[in-house]
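1. only geometry, no sequence info:
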């Protein structure tokens, strides 16, 4: 009897516990978020956030390792299975993105421990942490969920929490940027909700797999409704993911927020809706339906426009953080470009570029934040000769900038190379020209900062070596992010293979 | 609003409003209503008190840091109970409360405790939002903060 019992518990417990990880990670973040307002001391706040994020990172790593061996799985929440209740689908892509989010957020929190109170009031630190953890929980929810309406709810939560980390600075520009983001994002989620209403009326389901089955079953005569709903999804999620003509909220929000918030916004917040968009395209509609509509060409067009115009706008900026923010628009352009190519390699490279860009852009924003914090300047002009005063930080900035430009081995090059391959595969050779132009434009605004920072007689005149450098423990999160970024470039082969196993297309 | 008529009338009215709010919360699993509806009635009664008796009297009665603690604790307990249900559904644990007899107050498993927690959070959030529109910030309202 006892033996039988242990056998049963052993059989049910050991494989199942890993499947609890997605639910537990969302719950852990939400619970820690609401312990924050009860804490007073800065050490306790950061200790709890850091602890929760470290646990999250370990759990996500275990999850990735499990999925690497056993493949993806479904998890039904509550007592009701899929068509009625909510289910989560965690495959290779979702687990990888969760691990990425956990690592980036942990590093940003580590950086924020030393610099956050210089940018925001001390009484707002608890609020920042509450919003940060809620935001991460909602982003993980968007990534994990297999239910479109649940995705919408998490999108709304992420909008409000992202507004929270923008307005935490209490300046006029922040409140203006926060309101702009709130209005545009609410518009975006409203469009997503309308899209959900359309596909619900077509299929009678909210769970992605069931919608897909129902849509395939009664396809004829519904082409227009499908087109309308897919456009609603694309525009709604495009606003949140900063697709080019809809990006107008991004530069204000990212440039005015405190640097840790900018890093989180740029690395995580605009990525989760893109994952959701890919899921909507390939899990809800499916490859066959999506290729019959014009939507992928539209996404490709907007992606190309984002790549070119984002870089052009970035070139004309005077402020460092605004320039990096516009560079985010350009890099999101690459991701939409990759989705728009429409073959498997394109989608794989979209995911790979999400990983690469999250690591690169968070370290760029944190490096820029260090420059601004140590010198007090904001404009690119004033950072001449910064390489002598802060050599390590500018070194990190340089490596990240080189990755953005696309120097071999670094992840930016890998994605550009594979994007070129994907364009050739789908017989769209003219796209290579846009890739080249965009890379040259990237170089044209990252190189001047790096060159003026390190070289030039008059630039270095009167600067004292290492005079403004931060201590090593404050630079460590930046260094870790940069090392991880280089590793993502080095081991791109196995990473791309891992993503390819979980990609939704056929 | 310093009218003595309003003070007398709301002094008579408030206990009934609050009892009704608590009733709606507690019987949410048996009749129309529930945590959100009852909580908003409770919150409305607190806002009425603030508008009629003034901000100072209201701040003395509903202290900001206590309210914040109650709301956060309620949210944490909500998360723990709901998490227990979700995790328990996956691992096949039994509901320790049981369903009870249908129609009695103590039935419906976790629904009533969850309604109470939601009611507390909603009432306090409504009151905070009203305070926020009046004062512009919570910080002014509380000397301890």
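-> Yep, that arrived. This is a predicted model, so every value here is computed, not measured.
2. wait, residue A:429 sits on residue A:420?
-> No. Taking contacts as Cβ atoms under 8 Å, residue A:429 lies outside contact range of residue A:420: 9.5 Å. From N, CA and C alone the C-beta is placed, and that goes for glycine too.
3. who's in contact with residue A:364?
-> With Cβ atoms under 8 Å, 6 or more residues apart in numbering or on different chains as the criterion, the residues that contact residue A:364 are A:324, A:327, A:397, A:400-401, A:404.
4. who's in contact with stretch A:397-407?
-> Under the contact criterion Cβ under 8 Å, 6+ apart, stretch A:397-407 has outside partners A:327, A:331, A:356, A:360-361, A:363-364, A:367-368, A:371, A:410-413, A:416, A:439, A:442-443, A:446-447, A:449-450, A:453, A:482, A:485-486, A:489.
5. which residues of the stretch 351-500 of chain A fall in helices?
-> A:386-389, A:391-405, A:411-425, A:431-454, A:457-460, A:472-490, A:492-502 (DSSP state H, counting those that start in this stretch).
6. These: which one's closest to residue A:54?
-> helix A:472-490 (12.9 Å; Cβ to Cβ).
7. That closest one - contacts with which helices or strands?
-> Using 3 or more Cβ pairs under 8 Å, 6 or more residues apart in numbering or on different chains; DSSP states H and E, the elements in contact with helix A:472-490 are helix A:92-119, helix A:344-375, helix A:391-405, helix A:411-425.
8. deepest of those helices, which one?
-> Mean neighbour counts were taken over those using mean count of other Cβ atoms under 10 Å in any protein chain shown, and the top value, a mean of 26, falls to helix A:344-375.
9. between that one and helix A:472-490, how big is the angle?
-> For the pair helix A:344-375 and helix A:472-490, the angle between their directions (axes from the mean of the first three to the mean of the last three Cα atoms, to 10 degrees) equals 160 degrees.
10. as a whole number, average confidence for helix A:344-375?
-> Averaging the model's pLDDT scores along helix A:344-375 yields 92.
11. and after the particular helix or strand that has residue A:197 in it, which helix or strand comes next?
-> Under the criterion DSSP states H and E, the helix or strand holding residue A:197 is helix A:172-203. As assigned by DSSP H and E, the chain's next helix or strand after helix A:172-203 is helix A:208-217.
12. Which other helices and strands does the helix or strand that that following helix is followed by contact?
-> Beyond helix A:208-217 on the C-terminal side, the first helix or strand identified by DSSP H and E is helix A:223-240. Counting contacts by 3+ Cβ pairs under 8 Å, 6+ apart, helix A:223-240 is packed against helix A:172-203, helix A:272-279, helix A:286-292, helix A:295-315.
13. Run through who's touching helix A:223-240.
-> Taking Cβ under 8 Å, 6+ apart as the rule, helix A:223-240 contacts A:155, A:159, A:184-185, A:187-192, A:194-195, A:198-199, A:201-202, A:215, A:243, A:246, A:249, A:269-270, A:273-274, A:276-277, A:280-281, A:285, A:289-290, A:292-295, A:298-299, A:302, A:336.
14. Go again with 6 Å.
-> A:184-185, A:188, A:191-192, A:194-195, A:198-199, A:202, A:246, A:273, A:276-277, A:280, A:293, A:295 (Cβ atoms under 6 Å, 6 or more residues apart in numbering or on different chains).
15. next one: stretch A:45-61
-> Applying Cβ under 6 Å, 6+ apart, the contact partners of stretch A:45-61 are A:21, A:25, A:28, A:32, A:39, A:98-99, A:102-103, A:105-106, A:109, A:113, A:125-126, A:129.
16. Grab the nearest non-local neighbour of residue A:111.
-> The spatially closest residue to residue A:111, leaving aside those adjacent along the chain, is residue A:477, at 4.6 Å (Cβ to Cβ, 6 or more residues apart in numbering or on different chains).
17. What is the burial count for that neighbour?
-> Applying other Cβ atoms under 10 Å in any protein chain shown, we find 23 residues neighbouring residue A:477.
18. And it, how far from chain B?
-> The gap separating residue A:477 from chain B is 29 Å, by Cβ to the nearest Cβ, to the nearest Å.
19. one step back: which pair of the contacts of stretch A:45-61 spans the longest distance?
-> Of all pairs drawn from the contacts of stretch A:45-61, the widest gap by Cβ to Cβ lies between A:21 and A:125 and measures 29.0 Å.
20. Settle this for me: residue B:34 is touching residue B:26, isn't it.
-> No. If you go by Cβ atoms under 6 Å, residue B:34 and residue B:26 don't touch, sitting 9.9 Å apart.
21. Neighbour count: these two, which is higher?
-> Just comparing residue B:34 and residue B:26: by other Cβ under 10 Å the higher neighbour count belongs to residue B:34, 21 against 18.
22. May I have the predicted confidence score for residue A:397?
-> 92.
23. Among the helices of the stretch 351-500 of chain A, show the one with the smallest mean pLDDT.
-> If the helices of the stretch 351-500 of chain A are sorted by mean pLDDT, helix A:457-460 sits at the bottom with a mean of 74.
24. Buried among the contacts of helix A:223-240? Need that as a selection in ChimeraX.
-> Those of the contacts of helix A:223-240 that meet the burial criterion (16 or more other Cβ atoms under 10 Å in any protein chain shown) are gathered into one ChimeraX selection, given here:
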select /A:184,185,188,191,192,195,198,199,202,246,273,276,277,280,293,295
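25. Give me the contacts around the strand or helix carrying residue A:260.
-> In this structure, residue A:260 is located in helix A:259-264 according to DSSP H and E. Helix A:259-264 is contacted from outside by A:108, A:112, A:165, A:254, A:362, A:365-366, A:369, using Cβ under 6 Å, 6+ apart.
26. Which SSE is immediately downstream of the least confident helix or strand in chain B by mean pLDDT?
-> Ranked by mean pLDDT, DSSP states H and E, the weakest helix or strand in chain B is helix B:55-61, scoring a mean of 86. Elements were assigned by DSSP H and E; along the chain past helix B:55-61, the next helix or strand is helix B:64-91.
27. Find the residue at the geometric middle of chain B.
-> In chain B, the residue lying closest to the centroid (Cα atoms, centre = their mean) is residue B:120, at 2.4 Å.
28. so that residue is in which element?
-> Using DSSP H and E, the element containing residue B:120 is helix B:111-135.
29. looking at this, residue A:317 is in a strand?
-> No. With DSSP: H, G, I helix; E, B strand; the rest coil as the criterion, residue A:317 is assigned coil and is not in a strand.
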